[in-house]
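Novice: please work out how this folds:
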Amino acid sequence: MGSMTANDSGTDRTFHLAVAPDLSVGYEVATGRLFSVPEAHNSCRARIACTATSEPLPRKRDHERAASMPVSPETAAQTKAPALPRVPGPLDRLSLHVSHDCNMRCRYCYAGGGTYGGRSECMTPEIAGELIHRIARSAGSIGAIQFFGGEPLLAVSSMEAACAAAHRSYDEGTLSEMPAFRIVSNFSRLPAEFLDLVHRFDIEVAASCDGPQAVHDRLRPFADGSGSFETLARNIEALQKATSGRQPKGLAATYTRLHQDVGMTRADLRSFLCAKFGVAEVMVIPVRPLPGVDRSLVPRWDNPLREHAEHARSAVRSLADVQRQIDLSGLLMAPYILFPGRAACETFCPAGIRTISVTPSGDIYPCQVFMGSGEFYMGNGLCADDIEQSPHYLRVWRKLRNNLKSSVPECQECWLRRICRSCPGLMFTLNGGINQPVEEDCLLRQGLTEGTLLEVARIREDPVVWSRFVANVKKTIQAMSKGPRGGLC
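Specialist: Residues are numbered from 1 along each chain as shown. From the prediction side, this is the model:
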């Protein structure tokens with residue numbers, strides 16, 4: 001795997017060459033276009049111009065003509081990064097922390113047992129309704145409201161108040177669209193009133209499970225030290241029965257060194273969860289070395305780029321299978337490869353720009369990783385008439401909106417710079433600044449992208465498989481467009 005610069009038709013272009021034993025593929029950094037490279041060492045003359053979503057690859061006799069086609073100004077314009085917003089506006093996602101309390105003590109928890117370093121508390125229904133009303137009035141549009149924590153099922157009445165307030169805001173015209181509702185829960189409890197909410201408000205459910213009982217119980221014990229797997233499994237079965245199998249939509253899993261020690265890969269974990277619980281989608285996220293995390297659980301990677309690429313290839317391949325067993329974490333870079341004209345971005349992440357997180361008391365932060373940091377406090381949603389125009393909100397919004405990859409030397413040297421979605425929260429926590437990339441995170445995203453490039457090129461060779469793949473992509477990317485279910489951003 002490596003990068004190469006080619007001179008073609010008198011125009012210098014920078015390519016990244018991803019090489020695997022079975023194939024090679026070129027990625028044009030400036031435009032996001034993909035190129036088949038039948039012979040990796042035959043320079044660039046064997047390239048076949050082919051975007052991931054185009055018609056079938058040209059036949060062999062067309063290779064030379066296709067390879068010499070320059071990038072037109074129109075194509076280049078379509079792949080430029082969209083203009084950054086000048087002022088705060090619609091939100092893609094609102095993460096509502098209805099609980100900063102938890103009845104479990106996960107060994108890799110970075111959130112202080114659900115409190116994020118603060119006090120244990122749950123959002124009241126009155127605060128939940130008022131927050132939704134105020135945020136709706138200020139933003140005008142909220143793509144999705146995600147109930148988070150802590151453990152959100154400790155505050156079901158507040159979830160109900162938030163859903164009802166969103167419906168009222170939509171009916172009154174304050175919200176231009178009806179938000180989707182989502183929850184990420186440890187499923188250690190299943191109140192009857194929550195089942196009613198799932199039906200009434202069509203809440204999409206993701207449950208957290210880390211695999212077979214022997215592994216899960218060691219990683220996700222209750223506060224008293226007892227295992228939680230049997231309770232989780234029983235509650236998932238009850239939810240499936242109550243919803244005729246529609247929920248949970250998927251599962252969220254955390255991948256650790258413990259999984260590696262028992263010989264379980266991320267693909268193995270995906271397969272176990274899909275088979276055990278009858279779901280089609282999981283999100284398998286490796287533990288990160290955040291403060292408070294048991295460092296002995298952070299996975300070891302012998303060859304990070306190769307292992308992350310192999311994981312992405314498996315995840316992308318699953319979208320072409322008849323039996324869809326999808327690991328969304330391996331598909332994080334897929335939307336930016338498959339739709340290059342919409343992929344370019346100048347900032348790292350939408351956190352604080354188009355997504356926010358709100359604590360039980362109404363304090364606003366870009367995301368949960370920043371919670372408790374005064375530098376990224378965006379004000380209290382109960383204290384401003386126009387939340388997005390408050391001084392605190394605008395200060396942080398501008399700070400993140402102006403945090404451009406073009407100002408980071410390391411990013412300018414990276415082939416992934418055009419579509420990178422690295423995490424400023426992780427940078428801030430581990431390196432002390434929102435523009436200081438974390439090497440492990442860079443390797444993860446580079447590996448995931450290389451694997452995506454390679455597998456998309458492989459699937460593209462078979463029109464039948466490609467057709468099935470595209471159909472599944474449409475179903476999956478839509479769900480991913482408003483943010484992953486409680487995992488890697």
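
Novice: show me the shaky parts of this structure.
Specialist: Applying pLDDT under 70 to the predicted model, the residue ranges of the chain that meet it are 1-13, 38-82, 322-323, 340-343, 478-489.

Novice: what helix or strand is Gln146 located in?
Specialist: Under the criterion DSSP states H and E, the helix or strand holding Gln146 is strand 142-148.

Novice: try Ala253
Specialist: strand 250-255.

Novice: swap in Arg218?
Specialist: helix 213-219.

Novice: list of residues touching that helix?
Specialist: If you take Cβ atoms under 8 Å, 6 or more residues apart in numbering as the criterion, helix 213-219 is touched by 106-108, 209-210, 227-230, 232, 254, 256, 258-259, 262, 264, 297. To be clear about C-beta, it is placed using only N, CA and C from the backbone, and glycine gets the same treatment.

Novice: go again with 10 Å.
Specialist: Residues outside helix 213-219 that contact it (Cβ atoms under 10 Å, 6 or more residues apart in numbering): 104, 106-109, 208-211, 225-230, 232-233, 253-254, 256, 258-259, 261-262, 264, 269, 272, 276, 287, 294, 297.

Novice: correct me, but Cys102 touches Glu121?
Specialist: No. With contact defined as Cβ atoms under 10 Å, Cys102 does not count as touching Glu121 (11.7 Å).

Novice: once you drop chain neighbours, what's closest to Cys274?
Specialist: Here the nearest residue to Cys274 in space, its sequence neighbours aside, is Gln325; by Cβ to Cβ, 6 or more residues apart in numbering that works out to 4.2 Å.

Novice: how close does the one you found sit to Pro88?
Specialist: When Cβ to Cβ, to the nearest Å is the yardstick, Gln325 and Pro88 sit 39 Å from each other.

Novice: next one: Arg421
Specialist: Distance check for Arg421 against Pro88: by Cβ to Cβ, it reads 20 Å.

Novice: list phi and psi for Ala192.
Specialist: Phi and psi for Ala192, reported as degrees, to the nearest 10, are phi -60, psi -40.

Novice: any idea which helix is longest in the chain?
Specialist: Identified as the longest helix of the chain according to DSSP state H is helix 439-459.

Novice: and that one, what's buried?
Specialist: Of the residues in helix 439-459, those scored as buried under the neighbour-count criterion (16 or more other Cβ atoms under 10 Å) are 440-459.

Novice: now that helix, how far from the chain's geometric center?
Specialist: Helix 439-459 sits 15 Å away from the centroid of its parent chain (Cα atoms, centre = their mean, to the nearest Å).

Novice: next secondary structure after that helix?
Specialist: Using DSSP H and E, the helix or strand that follows helix 439-459 in sequence is helix 463-480.

Novice: and that next one, C-alpha only, in CSV?
Specialist: C-alpha atoms of helix 463-480 as CSV (Å, rounded to 0.1, in the frame of the first residue of the first chain):
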residue,chain,number,x,y,z
PRO,A,463,-22.7,-6.9,-12.4
VAL,A,464,-25.1,-9.2,-10.6
VAL,A,465,-23.3,-8.9,-7.2
TRP,A,466,-22.8,-5.1,-7.8
SER,A,467,-26.6,-4.6,-8.4
ARG,A,468,-27.4,-6.4,-5.1
PHE,A,469,-24.6,-4.4,-3.4
VAL,A,470,-26.0,-1.0,-4.6
ALA,A,471,-29.5,-1.9,-3.4
ASN,A,472,-28.2,-2.8,0.1
VAL,A,473,-26.0,0.3,0.1
LYS,A,474,-29.1,2.5,-0.3
LYS,A,475,-30.8,0.9,2.7
THR,A,476,-27.7,1.1,4.9
ILE,A,477,-26.2,4.5,4.0
GLN,A,478,-29.5,6.2,4.7
ALA,A,479,-29.4,4.9,8.3
MET,A,480,-25.7,6.0,8.6
